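Asks: Return atomic coordinates for the entry below.
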Amino acid sequence: MIRVYVFIVACAWLFAPVIYAQKADKNAVNKGGERISKERVEAYLSFLASDALEGREAGKQGGLVAAEYIKAVLKELGVKPFYDSYFQPFEAYSPIREKQVDFQVNLDSIAKYKQAPTYRRLNLRNVAGYIEGQRKDEYVVIGAHYDHVGVDELLVGDQIYNGADDNASSVAVVLQIANAYAASGEKPLRSIIFAFWDGEEVNYLGSEYFVANFAQLPSIKAYINLDMVGREGLLPVLYPEFRIPEKTAENNAEGKQFHLLYTGELTQLSEQVSKNIRQNHLNIEPMPSLLAHKSRGSDNLSFSLREIPVLWFFTGLHPDYHTPDDEVERIDLDKLTDIAKAVYFSIWHLANKE
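Replies: Residues are numbered from 1 along each chain as shown. Here you go, the predicted model:
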C-alpha cells in the first residue's frame with residue numbers, strides 16, 4: 001500500500017499547473033478545452049488500469065489506492081473538496097462466499113448485518129471535488145464509478161480484471177474535464193461536482209448513498225454519467241434504448257459512434273452535444289436515445305429515480321467486458337479524447353445556461 005501511494009506522489013509531474021483566465025468569454029471555453037489531451041487521458045488511464053491496483057475492487061486495497069489517486073489529482077488541479085478530504089465514506093456488507101456476489105448497501109438497516117456472522121463489513125468511499133458557481137447552491141454533477149471487479153484467483157493465467165474501459169476510461173475523462181474547467185479560469189453559473197463512485201459494480205452503492213444523503217436534491221439540476229467510453233461496442237444490450245453501432249453517411253469511420261442517452265428534460269442538451277461535436281470537428285458520432293427514468297445499467301438510475309435529469313455517455317458492450325482482457329492497449333485513445341472534449345463542452349453549456 002505504501003509503495004503504491006509513493007508512486008502516486010511520484011506521478012505529480014503528470015499534472016500540469018492550473019492556469020486561470022482573466023476574462024469570461026469564448027476564449028475561456030477554448031482555453032479549457034485545449035488542456036484535454038490524449039497524453040493526459042492515457043496517463044490517468046494507465047495508472048488506474050494497472051496491475052498494481054488489482055482490479056480496484058470495492059473495499060479492497062486497489063480500490064482504496066484508486067480513491068487516493070483521484071484525490072491527489074483533484075488536489076493538484078486546484079479543485080476544492082466537496083467533502084472533508086474529498087471522501088464520502090460509507091459502509092456495506094458482503095456475504096462471505098467463494099465468488100463475488102452483490103453487496104447490500106448500508107443506508108438505514110446496517111444494524112441487522114452486524115449480528116450476521118456470514119457477512120463481512122466493507123469500508124467504501126466516494127470521492128468528490130467541486131468548482132463553486134455564482135449560484136453556489138445549484139449543482140450540475142458529472143460522475144463515473146471507479147471500482148471494478150478485482151482479482152479471480154481461480155483463473156488460469158491473467159487473474160486481474162483491470163477494467164480499462166469499465167470504468168477507468170470514464171474516470172480519466174472526468175479528471176480531464178476537471179482539469180479543463182480549472183484551466184479555463186471561469187466561474188460557472190452553477191457549481192459543478194466531479195464525483196467518483198465506489199461500489200457501482202455491486203448495485204450502484206456509491207451513487208445511491210450520495211443521493212440518499214444529499215440534503216437538497218432539487219438543487220441538483222442535472223447529472224452527467226460516464227460508463228465505458230473507450231471502446232467500440234459491438235454486443236447487444238438488453239435494453240430498448242441501445243442499438244448496435246452502424247456506419248452512417250455522416251461518419252463512415254468504424255468505431256467512432258457512441259450512445260448518448262438522455263431523459264426527456266435534456267432533449268435540447270442532447271441536440272447541443274451533437275452541435276458541439278460538429279463545431280469542434282470531433283471525430284465521433286452520437287447515437288441519441290431517450291432514456292426512461294427507470295432504466296438500469298449504471299449510476300444513472302440513482303439520479304433518474306429521483307427525477308433528476310440525466311445525460312449518459314456510453315460506447316457500448318464488447319467481448320472483453322468483465323474479463324481480464326479489458327486492458328489499456330485495447331482502448332481507442334483518440335476516441336476517448338474526443339469524447340472528453342464533447343463532454344466538457346456539454347458541461348460548460350449546462351452549467352452556464354440560464
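
Asks: What are the buried residues along stretch 73-90?
Replies: Using 16 or more other CB atoms under 10 Å as the test for burial, stretch 73-90 gives 73, 74, 75, 76, 77, 78, 79, 82, 86, 87, 88, 90. In short, each C-beta sits where N, CA and C put it, glycine included.

Asks: do stretch 340-354 as well
Replies: Within stretch 340-354, the residues that qualify as buried are 340-352, counting by 16+ other CB under 10 Å.

Asks: which residues make contact with it from outside it?
Replies: 29, 32-33, 36, 41, 133, 140, 142, 172-173, 176-177, 180-181, 188-190, 192, 221-222, 224, 226, 269, 272-273, 276-277, 280, 282, 284, 286, 311, 313 (CB atoms under 8 Å, 6 or more residues apart in numbering).

Asks: Can you show me the helices along the stretch 251-354 of the chain?
Replies: Counting by DSSP state H, counting those that start in this stretch, the stretch 251-354 of the chain has helices at residues 267-279, 300-304, 333-352.

Asks: Can you lay out the ones you listed as TSV showing distance to residue 321?
Replies: Shown next, in TSV, are the helices of the stretch 251-354 of the chain (distance: least, CB to CB, whole Å):
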stretch	distance to residue 321
helix 267-279	24
helix 300-304	18
helix 333-352	16
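
Asks: In CSV, list the ones you listed along with distance to residue 69 and mean pLDDT.
Replies: Shown next, in CSV, are these (distance: least, CB to CB, whole Å; pLDDT from 0 to 100):
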stretch, distance to residue 69, mean pLDDT
helix 267-279, 29, 94
helix 300-304, 24, 94
helix 333-352, 18, 96
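
Asks: related to what we said a few turns ago, will you turn the buried residues of stretch 340-354 into CSV that also has distance to residue 61?
Replies: Formatted as CSV, the buried residues of stretch 340-354 follow (distance: CB to CB, whole Å):
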residue, distance to residue 61
340, 28
341, 34
342, 34
343, 30
344, 32
345, 37
346, 35
347, 32
348, 37
349, 39
350, 36
351, 35
352, 40
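
Asks: tell me which of the residues you listed is nearest to residue 323?
Replies: Closest approach between the buried residues of stretch 340-354 and residue 323, by CB to CB: residue 340, at 24.9 Å.

Asks: Identify the spatial nearest neighbour of the residue most central in space within the chain, chain neighbours not counted.
Replies: Nearest to the mean C-alpha position of the chain, by CA atoms, centre = their mean, lies residue 144 at 1.8 Å. Residue nearest to residue 144 in three dimensions, not counting chain neighbours: residue 170, with 3.5 Å by CB to CB, 6 or more residues apart in numbering.

Asks: So the one you found sits against residue 231, correct?
Replies: No. With contact defined as CB atoms under 8 Å, residue 170 does not count as touching residue 231 (11.6 Å).

Asks: More neighbours: which of those two?
Replies: Ranked by neighbour count (other CB atoms under 10 Å), residue 170 and residue 231 place residue 170 first, with 31 against 24.

Asks: ok but the more buried one is inside a strand, no?
Replies: No. Using DSSP: H, G, I helix; E, B strand; the rest coil, the assignment for residue 170 is helix, not a strand.

Asks: and the angle from the host helix or strand of residue 45 to helix 333-352?
Replies: Per DSSP states H and E, residue 45 falls inside helix 38-48. Orientation check (axes from the mean of the first three to the mean of the last three CA atoms, to 10 degrees): helix 38-48 against helix 333-352 gives 100 degrees.

Asks: Before I go, just wanted to say thanks for your time.
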